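**Student:** Pasting a predicted model and its sequence here:
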Amino acid sequence: MSNKFEIDPFLDFDLLKKLVVGIGEVSDITGVPTRKIRYWEEKGIIESEKDGEGTTRKYNYLNIKKILLIQELVEEGFTLDAAAKKVQDRMKNINEVFHKLANTASNKEDVD
DNA sequence: GTTCTCACA
DNA sequence: TGTGAGAA
């Protein structure tokens, strides 16, 4: 594993961190129906944020990634509980890489 | 567009 | 496990 990442000028991690969409957008992006997304959250396998109004769930890149992971695992034949467990473990790596990438992208000009 | 609940397969 | 329909 290399501890150095190549930064694509087309990848905007600052935008990714700010990217927050509603359940409708998530269903369109992930291909998962809104009922299913709410159903998963109801089971507690995923979490979502609320907007300033306190209504309508908001999903960021990590949430969408999580939903995508769950969807893929379930498609493979895993049950929601098993998929959620695997995703939870994998999300740690996702968060770590994501923050590392975002930090590196912000300091990509800081080269010796 | 979103939320919730009840009910069904 | 996932969806349909009704109501706000």
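**Tutor:** That came in fine, so what should we check first?

**Student:** Now A:L16. Nearest residue, chain neighbours left out?
**Tutor:** Leaving out its chain neighbours, the residue that sits closest to A:L16 by Cβ to Cβ, 6 or more residues apart in numbering is A:Y61, at 4.8 Å. All C-beta atoms are positioned from the backbone trio N, CA, C, and that covers glycine.

**Student:** My guess is that neighbour contacts A:V97. True?
**Tutor:** No - assessed by Cβ atoms under 8 Å, A:Y61 is found out of contact with A:V97, at 11.8 Å.

**Student:** Give the residue from those two that has the larger number of neighbours.
**Tutor:** Between A:Y61 and A:V97, counting by other Cβ atoms under 10 Å, A:Y61 is the more crowded of the two (17 against 11).

**Student:** pLDDT at that one, what is it?
**Tutor:** pLDDT for A:Y61: 85.

**Student:** Could you find the closest non-adjacent residue to the residue of chain A found nearest DNA strand C?
**Tutor:** Nearest residue of chain A to DNA strand C: A:K36, at 3.3 Å (Cβ to the nearest atom of the strand). Nearest residue to A:K36, sequence neighbours excluded (Cβ to Cβ, 6+ apart): A:S27, at 7.9 Å.

**Student:** and that neighbour, what is it in contact with?
**Tutor:** The contact partners of A:S27, by Cβ atoms under 8 Å, 6 or more residues apart in numbering, come to A:P33, A:T34, A:K36, A:I37.

**Student:** Go through the residues you listed and name the one nearest DNA strand B.
**Tutor:** Nearest to DNA strand B among these, counting by Cβ to the nearest atom of the strand, is A:T34 at 5.6 Å.
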